[in-house]
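K.L.:
Please work out how this folds:
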Amino acid sequence: MDYRVVLIESDEGFSVSCPALRGCHSQGYTREEALQNIRDAIREWLNAEESEKPLCAGDRVTIREVGYEQETGA
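P.N.:
From the prediction side, this is the model:
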């Protein structure tokens, strides 16, 4: 299966992420290294997703919103 990835070049190399897989990011000094690293990250992400225990009817789940205020420099 193919996944679309986003490469961002900087002075330090490349960062790369896979928007379809939340939290799936990597990096590399070269474009090729970053692409190989994101392939590894995608594989590991998918393996972790398969092994996660699904919620069961008896599980207690709470969903809440929490506020966040960014601190301003003093």
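
K.L.:
Kindly confirm my reading that Ile8 is in a strand.
P.N.:
Yes - assessed by DSSP: H, G, I helix; E, B strand; the rest coil, Ile8 belongs to a strand.

K.L.:
Excluding sequence neighbours, find me the nearest residue to it.
P.N.:
Ser15 (4.8 Å; C-beta to C-beta, 6 or more residues apart in numbering). C-beta coordinates here come from the backbone N, C-alpha and C atoms, glycine included.

K.L.:
The one you found sits in which helix or strand?
P.N.:
Taking DSSP states H and E as the definition, Ser15 sits inside strand 13-17.

K.L.:
what sits up against that strand?
P.N.:
Contacts with strand 13-17, where a contact means C-beta atoms under 8 Å, 6 or more residues apart in numbering, come from 5-8, 24-31, 33-35, 37-38.

K.L.:
Just after it, pick out the following helix or strand.
P.N.:
strand 25-28.

K.L.:
Show me what counts as buried in stretch 16-31.
P.N.:
With burial defined by 16 or more other C-beta atoms under 10 Å, the residues of stretch 16-31 counted as buried are Val16, Ser17, Cys18, Leu21, Cys24, His25, Ser26, Gln27, Gly28.

K.L.:
any idea how far Thr62 is from the residue nearest to Ile8?
P.N.:
Per C-beta to C-beta, to the nearest Å, Ser15 is found 34 Å from Thr62.

K.L.:
These two: which is more packed in?
P.N.:
Ranked by neighbour count (other C-beta atoms under 10 Å), Ser15 and Thr62 place Ser15 first, with 16 against 4.

K.L.:
quick one: Ser10 and Tyr29, what's the gap?
P.N.:
If you go by C-beta to C-beta, the gap between Ser10 and Tyr29 works out to 11 Å.

K.L.:
Report the beta-bridge partners for Ser17.
P.N.:
Val6, His25 (DSSP bridges).

K.L.:
State the pLDDT value of Glu49.
P.N.:
If you check Glu49, the pLDDT there is 80.

K.L.:
ok, it - contacts?
P.N.:
Shown in contact with Glu49 (C-beta under 8 Å, 6+ apart): no residues.

K.L.:
Would you tell me what helix or strand it is located in?
P.N.:
Judged by DSSP H and E, Glu49 forms part of helix 31-51.
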